[in-house]
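Colleague: sharing a sequence plus its predicted fold:
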Amino acid sequence: MTRKIHARMDVTGTLVALAPLHVGGVGEDPEADLVLARDGQGRYYVPGTSLAGPLRAWMANRVDRDRQPLLDILWGFQSEPRPGEDADGQASALFLFDAPIENTKDQDGGSQHAEDPPARAEVAVEIREGVGIDRFTGTAASGIKYNRAVLPRGTRMPFHLTAELKDGKNLDALLFLVCEMIERLEKGDIRFGAARTRGHGKVVLEQATVRTFRLDTRDGMMALLRWLEDTPQRQRRGGAPHLTPVEPGQGDRELLDAEGGRTAGAAGCSPGSYKRDLLVRLGGTHPVELVPRPRLSLEIDWEPVGPLMVKAEGEGNGVDMLPQTTRDAPDNSPVRLLLPGSALKGVFRSRAEWIVRTVLPQDATATGDKRPDFLDQVEVPLVRELFGTRKHGSEEEQGGVRGDGGSDTSSTSDRNIDGDTPSRETAGPAPRAGLGALTTEDCRSTWSTSRETWESIVSADKASLEARSRNGSLLPFQQAFHVAVDRWTGGAAGSFLYTVLEPHGGAGEKPHGEPGSIAWEPLRLEVDLCRIDADHQAPALTLLLLVMRDLAAGWVPLGYGTNRGMGTIKVRNIILTGHELEPGRLKGTWLEGHPLTGLTRIEMENGDLSNLPDDIRDHLEKGWGHLGTHHRGWQAWVEAWNGLQGPTKRGEAR
């Protein structure tokens, strides 16, 4: 069945990765367990479905329940059929085109090129390692080791969205929603692909251009045909690097108008300009009020006290263990040291588990050699709300929440933005599956060196490295020798000599930028408050602040070799920032009148939590560290959990 189309909107631009990006594919790769998606020509690409899913999820979480029919118009739907009747439904009005990655280079060094590629340096695919740590033994867990191929930060890919709409009372609201979604893409607020809470998938839309065409007038139809004919497909579906963004006031950018039949034409304009003109025509009234998504972000300014690194999988020619590194796209970008978001999140999760197990009490149990045992081991109450959990049972048992790491498709107001919704989880039922509330970004060193210099270090033999260590040209690295001592002879044990290329920096080193100093970017975390049930938010936030307290106190080392003197850090400052917590936007929600309402920015020098405002401290009511008196909310949660478990359940692990 055909449908009437009166207007068409095209949005083009370039998606630029601000973090590693992984969209999984099929096939085998000797270098990686989790491979990247390839199209029919063998090119790495991001399928249109992998773009549409997160965009639809973002819009579903931002549109209130009574405006959900707008989602059905834009994204399509299929209802459950009634007995004796066919299912009702509608195809999506939005089309997301595949985004091929141009000039990428395989792990073996081979290049792949899209048709008519632009002149730019190649993009090298990176391999990220992942391993689960057994909470009982402190060693690698059985069956929890994997490699993931990722496209590096700086990767560029074309973006092209087409909306085919018909006239009606909802046209302005639909256009407004599309513009809002595109603006959020321009701000980098929508993530794509896998491991989004572990520092992956953050992209930003650059050089975005909106073009609108009336398809029920001759002028509008001719304008579309001329654009399609005059603009090569590569430019239509990428925008960059060939398209020049149209500044406000330039070009023919008249709005869609059902009465006047006007057209924006092929010149286009920026999404912000289009939305502003739309609101002017509507008298400044927003046709759709978006539901706020309150968030808290933490930025931790820190420095290493001694050697600090995450161990790379490979070895050097003259050294056994190397620090993990990364390079931005293109391939000629400098080399930087890397603390992956997955490694940082694992450290913070382990500390949070340690805290919760202490107060419940609940010991970690031995896992044996089975992967499910490890997954059961990390199922710690309250920790799973912050850091995520696997799926248990059917989706119906989980209240419709997806267990594959995706976002809910129900509206935010229906889930936990209003205080009337019952909690999905009290102290004892099965945990809510899916993404955790906490996102941890990759942390890179501000120190960098050229690819050629780094490769010369990796390929140097032991004698060359020793000579460079003596003359100081290896700084800020040190070739460290380690050996196991035979307990019987007191001499060196056979085959237990190994070397580590240790990076040094921080306090006592030379000024930043000079040899002998490695500085790092701030650690960045974000908490999505809507992913935590309202009755668990105070305990969960308190738990996160306790982890930050321990980090600032030097009790949470980072990276490799933390039991052998490596990974100690010093926290200089913690900045807590609130997002979408403006009082006017939270009226009528559970956050109205909450101490977090109106929070903008709080600085905690040296990570001292006593710098928190009194009303927030009173709300948390913590008795640990610097947080004042005993926390009744936390204590109630602990007592509820222990009461549900019973004395036998609580003590069986002990």
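Modeller: Here it is on my side, so go on.
Colleague: what about residue 469, how many residues nearby?
Modeller: Per other CB atoms under 10 Å, the neighbour tally for residue 469 reads 15. (C-beta placed from N, C-alpha, C; glycine too.)
Colleague: who's in contact with it?
Modeller: 478-479 (CB atoms under 8 Å, 6 or more residues apart in numbering).
Colleague: in a helix, it, correct?
Modeller: Yes. According to DSSP: H, G, I helix; E, B strand; the rest coil, residue 469 belongs to a helix.
Colleague: can you give me the distance of it to residue 310?
Modeller: For residue 469, the distance to residue 310 equals 22 Å [CB to CB, to the nearest Å].
Colleague: what about residue 600, how many residues close to it?
Modeller: Residues contacting residue 600 under the criterion other CB under 10 Å number 10.
Colleague: surely it and residue 579 touch.
Modeller: No. Using CB atoms under 8 Å as the test, residue 600 is too far from residue 579 to be in contact (9.2 Å).
Colleague: tell me, how many residues neighbour residue 306?
Modeller: Residue 306: 17 neighbours (other CB under 10 Å).
Colleague: find the residue at the geometric middle of the protein.
Modeller: Geometric centre of the chain, nearest residue: residue 196, 3.3 Å, by CA atoms, centre = their mean.
Colleague: give me the mean pLDDT for the helix or strand encompassing residue 142.
Modeller: Applying DSSP states H and E as the criterion places residue 142 in strand 140-150. Mean pLDDT, computed over strand 140-150, is 81.
Colleague: contacting residues for the closest residue to residue 591 other than its chain neighbours?
Modeller: The shortest distance from residue 591 to any non-neighbouring residue, by CB to CB, 6 or more residues apart in numbering, is to residue 597 (5.5 Å). Applying CB under 8 Å, 6+ apart to residue 597 gives the contacts 581, 583, 586, 591.
Colleague: can you tell me which two in those residues are farthest apart?
Modeller: The most widely separated members of the contacts of residue 597 are 583 and 591, with 9.0 Å between them, by CB to CB.
Colleague: more neighbours: the two, which one.
Modeller: When residue 583 is set against residue 591 and neighbours are counted by other CB under 10 Å, the residue ahead is residue 591, at 25 against 12.
Colleague: pretty sure that one sits in a strand.
Modeller: No. Using three-state DSSP, the assignment for residue 591 is coil, not a strand.
Colleague: need the three-state assignment for the residue of the chain most remote from its centre.
Modeller: The centre of the chain is farthest from one residue, residue 489, which by CA atoms, centre = their mean lies 51.7 Å away. Of the three states, residue 489 takes coil under three-state DSSP.
Colleague: quick one: low-confidence ranges for the stretch 251-400 of the chain?
Modeller: In the predicted model, the stretch 251-400 of the chain carries pLDDT under 70 at residues 251-267, 331, 366-372, 391-400.
Colleague: residue boundaries of the strands in it?
Modeller: Using DSSP state E, counting those that start in this stretch, the strands of the stretch 251-400 of the chain run over residues 295-304, 325-327, 335-339.
Colleague: return the most buried member of these.
Modeller: Most buried of these, by mean neighbour count (mean count of other CB atoms under 10 Å): strand 335-339, with a mean of 24.
Colleague: can I assume residue 132 sits in a helix?
Modeller: No. Assessed with three-state DSSP, residue 132 is strand; it does not lie in a helix.
Colleague: so what's it up against?
Modeller: 140-141, 144-145, 374, 378.
Colleague: among those residues, which two are most distant?
Modeller: 145 and 378, at 15.4 Å, using CB to CB across the contacts of residue 132.
Colleague: those two: who's more crowded?
Modeller: residue 378 (24 against 12).
Colleague: which of the three states applies to the closest residue to residue 552 other than its chain neighbours?
Modeller: Nearest residue to residue 552, sequence neighbours excluded (CB to CB, 6+ apart): residue 607, at 2.5 Å. Following three-state DSSP, we place residue 607 in the coil state.
Colleague: related to what we said a few turns ago, what separates the strand holding residue 142 from the chain centre, distance-wise?
Modeller: Averaging C-alpha coordinates over strand 140-150 and over its chain gives two centres that are 19 Å apart (CA atoms, centre = their mean, to the nearest Å).
Colleague: can you check stretch 294-313 too?
Modeller: In terms of CA atoms, centre = their mean, the centre of stretch 294-313 is found 16 Å from the chain centre.
Colleague: show me the contacts for residue 477.
Modeller: Taking CB under 8 Å, 6+ apart, one finds 457, 501-504 in contact with residue 477.
Colleague: now, which of those residues lie within strands?
Modeller: 501-503 (DSSP state E).
Colleague: now stretch 204-217: average pLDDT?
Modeller: pLDDT averaged over stretch 204-217 gives 87.
Colleague: I'd like the distance from it to the chain centre, please.
Modeller: 28 Å.
Colleague: closest to residue 29 out of the strands of the stretch 251-400 of the chain?
Modeller: strand 325-327 (19.3 Å).
Colleague: need the residues that contact that closest one.
Modeller: Strand 325-327 has contacts (CB under 8 Å, 6+ apart) with 20, 124, 126, 152-153, 312, 333-338, 442, 444, 451, 454.
Colleague: from start to finish, how long is stretch 33-50 in a straight line?
Modeller: With CA to CA, to the nearest Å applied, stretch 33-50 spans 20 Å between its terminal residues.
Colleague: quick check: bridge partners of the closest residue in space to residue 49 that isn't next to it in sequence?
Modeller: Distances taken as CB to CB, 6+ apart place residue 96 nearest to residue 49, at 7.6 Å, with adjacent residues excluded. Using DSSP bridges, the bridge partners assigned to residue 96 are residue 161.
Colleague: ok, residue 96 touching residue 48?
Modeller: Yes. Assessed by CB under 8 Å, residue 96 is found in contact with residue 48 at 4.0 Å.
Colleague: which residues sit against stretch 547-557?
Modeller: 298, 300, 305, 347-348, 351-352, 355, 566-571, 574, 606-609, 624-626.
Colleague: from those residues, which land in helices?
Modeller: 347-348, 351-352, 355 (DSSP state H).
Colleague: what residues are up against residue 356?
Modeller: The contact partners of residue 356, by CB under 8 Å, 6+ apart, come to 362, 380-383, 543.
Colleague: identify the farthest-apart pair in the residues you listed.
Modeller: Using CB to CB, the two most remote members of these are 362 and 543, lying 14.2 Å apart.
Colleague: lowest mean pLDDT among the helices and strands of this structure, which one is it?
Modeller: One helix or strand of the chain scores below all others by mean pLDDT, DSSP states H and E: helix 412, with a mean of 32.
Colleague: quick check: which ranges of the stretch 551-654 of the chain have low pLDDT?
Modeller: 588-590, 621-654.
Colleague: can you show me the helices along it?
Modeller: Assigned by DSSP state H, counting those that start in this stretch, the helices in the stretch 551-654 of the chain fall at 614-620, 632-651.
Colleague: same check, this time on the stretch 1-150 of the chain
Modeller: Under DSSP H, counting those that start in this stretch, the stretch 1-150 of the chain gives helices at 48-62, 68-75.
Colleague: make TSV out of those helices and add mean pLDDT.
Modeller: Output for the helices of the stretch 1-150 of the chain, formatted as TSV (pLDDT from 0 to 100):
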stretch	mean pLDDT
helix 48-62	93
helix 68-75	88
